[in-house]
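Trainee: Following is a predicted model, sequence given first.
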Amino acid sequence: MLKIGVLVSGGGTNLQAIIDSIESGYIKNAEIATVISSKKDAYAIKRAEKHGINNVCIIKKDYQNKNEFFNAIENHLDSFGVELIILAGFMTVLSAEFTQKYKNKIINIHPSLIPSFCGNGYYGLKVHEEVIKRGVKVTGATVHFVNEETDGGPIILQKRVMEQAEWKIFPEAVKLISENKITVENNKVRRIL
Ligand code: GAR
């Protein structure tokens, strides 16, 4: 059983999609061991509580610097034996040390078709605002592995049309990983059929 740690900062609709996919049996080989929120009032925490999932707030300003903040997250994840880290609306860019420690073990959902509208400064609603402002006709969501380049890791799945796209491809990516159906070779994701 793949042990998942989910990092959140906001409403947690993507966390909910993963929880629902596990509870319905769509994802069979994985369980959420813990949810970490970087914001005290994140509704995502309520969602975890409602489903009896361990949860904790780890807040940057409670630590002397970013390194100590990331260490606290690492220690918590490691104490739960987490094997896959899911960034579900986690609004802090991870350090290179952190992404290297968990190479090919962190996935993120991003609200655009990468390489469009990604990189530092593009997150959450800001992406949607920019898409609307520029009159972009085709948009969507991307699930990718996380490396030291913001939104630059190997892409697992993409889906056009924003509406609910995230809530479909995020659980699908977790299912594929938990069933050992993808590998990363030369910085590219390969599906194992
Ligand atoms: C989602 O749209 C996700 O793609 C985005 O934040 C939102 C979180 O919503 N993530 C990023 O922009 C990361 N760069 P949620 O809390 O309801 O899942």
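Mentor: All right, it came through fine.

Trainee: distance of Lys28 from Glu179?
Mentor: Going from Lys28 to Glu179 by CB to CB, to the nearest Å gives 8 Å. To be clear about C-beta, it is placed using only N, CA and C from the backbone, and glycine gets the same treatment.

Trainee: quick one: what helix or strand has Lys46 in it?
Mentor: Per DSSP states H and E: Lys46 is located in helix 43-50.

Trainee: Would you mark the buried spots in that helix?
Mentor: 44-45, 47-48 (16 or more other CB atoms under 10 Å).

Trainee: and the ligand, which of those residues reach it?
Mentor: Among these, the ones lying near the ligand by CB under 6 Å from any ligand atom are Ala44.

Trainee: Just give me the closest of the buried residues of helix 43-50 to Phe90.
Mentor: The closest of the buried residues of helix 43-50 to Phe90 turns out to be Ala44 (CB to CB; 9.6 Å).

Trainee: Pull the contacting residues for the closest one.
Mentor: Residues counted as contacts of Ala44 (CB atoms under 8 Å, 6 or more residues apart in numbering) are 8-12, 15, 35, 37, 88-89.

Trainee: Give me the subset of those that lies in strands.
Mentor: Those of the contacts of Ala44 mapping onto strands are 8, 35, 37, per DSSP state E.

Trainee: circling back: next helix or strand past the helix holding Lys46?
Mentor: Sequence order places strand 55-57 as the next helix or strand after helix 43-50, per DSSP H and E.

Trainee: what does that next one contact?
Mentor: Outside strand 55-57, the residues touching it (CB under 8 Å, 6+ apart) are 34-40, 42, 45, 48-49, 76.

Trainee: One more pass at 10 Å, please.
Mentor: The contact list for strand 55-57 (CB atoms under 10 Å, 6 or more residues apart in numbering) reads 6, 8, 15, 32, 34-42, 44-49, 72-73, 76, 80.

Trainee: What subset of these is buried?
Mentor: By neighbour count, with 16+ other CB under 10 Å, the contacts of strand 55-57 hold 6, 8, 15, 32, 34-39, 42, 44-45, 47-48, 72-73, 76, 80 as buried.

Trainee: Looking at the nearest residue to Ile86 once chain neighbours are set aside now. What's its pLDDT?
Mentor: Closest residue to Ile86 in three dimensions, ignoring its sequence neighbours and counting by CB to CB, 6 or more residues apart in numbering: Val6, at 4.7 Å. With respect to pLDDT, Val6 has a value of 98.

Trainee: now do Val131
Mentor: Model confidence at Val131 (pLDDT) stands at 88.

Trainee: Roughly how far does it sit from Gly124?
Mentor: For Val131 relative to Gly124 (CB to CB), the value is 12 Å.

Trainee: what's the overlap in contacts for the two?
Mentor: Here Val131 and Gly124 have Pro111 as joint contacts, going by CB under 10 Å, 6+ apart.
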